[in-house]
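Visitor: Just need the structure, nothing else, for what follows:
(one chain, ligands or ions: 2)
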Amino acid sequence: MEMSPPRSNRPAEGPRIIAIANQKGGVGKTTTAINLATALAAVNKKVLVIDLDPQGNASTGMGLDRNQRRTNSYHVLLGESELDEAIIPSGIPGLAMVPSGVDLAGAELELVQIREREFRLKEALKGHGQGFDYVLIDCPPALGLLTLNALVAAQAVMVPLQCEFFALEGISHLVRTIERVKKVFNPGLDIQGIVLTMFDTRNNLSDMVASDVRAYFGAKVYDTVIPRNVRVSEAPSHGKPVLLYDFNSRGAQAYVMLAGEVLKREREAAA
Ligand SMILES: Nc1ncnc2c1ncn2[C@@H]1O[C@H](COP(=O)(O)OP(=O)(O)OP(=O)(O)O)[C@@H](O)[C@H]1O
Ligand SMILES: [Mg+2]
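Guide: Ligands and ions are numbered 1, 2, ... in the order given. The predicted structure follows:
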């Protein structure tokens with residue numbers, strides 16, 4: 001008799017789609033998207049980063065210049081380009097991008113006029129990005145239609161949380177939004193995990209915030225903590241992930257550890 005295949009709530013085909021979201025600005029969303037993607041590519045995963053932020057920091061941070069962004073996530077969302085046509089190589093083996101473009105700033109308003117506006121990215125991903133193991137979506141610092149599109153398209157959301165005062169207050173709003181998206185649009189949406197970023201070992205507040213967040217969210221918080229590290233902040237101006245800019249830095253090593261934890265959770269979720 002044949003063994004039945006392992007049961008899984010994951011789609012048998014297509015990439016695993018993870019939105020990296022937090023409506024608070026400057027908490028490490030883009031840094032996490034770029035460096036987690038690079039660390040996953042380094043262990044032979046095929047990774048696509050979709051830059052869904054009009055600021056385009058992920059695109060700049062990967063060293064993509066303006067003329068490489070002509071076809072971008074704006075065109076994909078508005079249905080003017082197929083997603084696969086907007087994918088460009090990043091220069092890092094196994095890692096590709098859908099860049100952002102300046103037009104994306106107007107997309108929030110344009111989308112309001114469109115039918116099924118929350119589902120644009122989900123629709124765009126259908127049958128696309130098939131060669132990838134992971135799609136990471138870098139969200140803007142707002143809970144508007146762009147982030148909503150990411151949360152509807154994704155199977156999981158990763159939340160970077162800066163170790164600072166009021167971190168928990170900010171995240172409760174995000175958690176409520178995720179719950180609402182689950183109820184209304186995307187019942188399968190899961191929190192992949194919460195990653196503590198910019199942890200400052202010299203600052204007692206970082207410790208206090210970290211233990212508060214762990215007390216509240218328990219095992220959802222990754223063991224890996226991303227330290228505040230000057231090499232991480234320097235890397236984007238060189239158009240490189242910190243993993244390539246200074247692999248031995250504490251920041252780069254933390255992202256390698258985080259990728260290991262993410263893969264472990266993914267294996268457990270699939271089992
Ligand atoms: N671990 C770190 N150590 C030092 N600097 C960091 C670290 N992580 C991020 N930064 C810096 O902090 C700033 C904000 O980070 P990042 O752009 O990743 O946040 P974000 O949440 O994507 O911001 P936004 O909400 O504007 O999109 C950047 O200048 C980045 O280089
Ligand atoms: Mg960003």
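Visitor: Which positions in stretch 37-56 come out as buried?
Guide: 37-42, 45-56 (16 or more other Cβ atoms under 10 Å). Where you see a C-beta, it was placed from the backbone N, CA and C, and this is true even at glycine.
Visitor: again but with stretch 154-174, I slipped
Guide: Residues 154-164, 167, 171, 174 are the ones in stretch 154-174 that count as buried (16+ other Cβ under 10 Å).
Visitor: do stretch 199-218 as well
Guide: For stretch 199-218, a neighbour-count test (16+ other Cβ under 10 Å) marks 199, 206, 209-210, 213, 217 as buried.
Visitor: Mind giving me the packing neighbours of whichever helix in the chain runs longest?
Guide: Longest helix in the chain by number of residues, with DSSP state H as the criterion: helix 250-270. On a contact count with 3 or more Cβ pairs under 8 Å, 6 or more residues apart in numbering; DSSP states H and E, helix 250-270 meets helix 29-42, strand 190-199, strand 221-227, helix 230-234, helix 242-245.
Visitor: Turn these into TSV, columns for mean pLDDT and distance to G127.
Guide: Output for those, formatted as TSV (pLDDT from 0 to 100; distance: least, Cβ to Cβ, whole Å):
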stretch	mean pLDDT	distance to G127
helix 29-42	98	22
strand 190-199	95	23
strand 221-227	97	32
helix 230-234	98	36
helix 242-245	98	31
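Visitor: Columns distance to ligand 2 on top of the ones you listed, output as TSV?
Guide: Below are the helices and strands packed on helix 250-270 laid out as TSV (distance: least, Cβ to the ion, whole Å):
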stretch	distance to ligand 2
helix 29-42	3
strand 190-199	12
strand 221-227	14
helix 230-234	13
helix 242-245	15
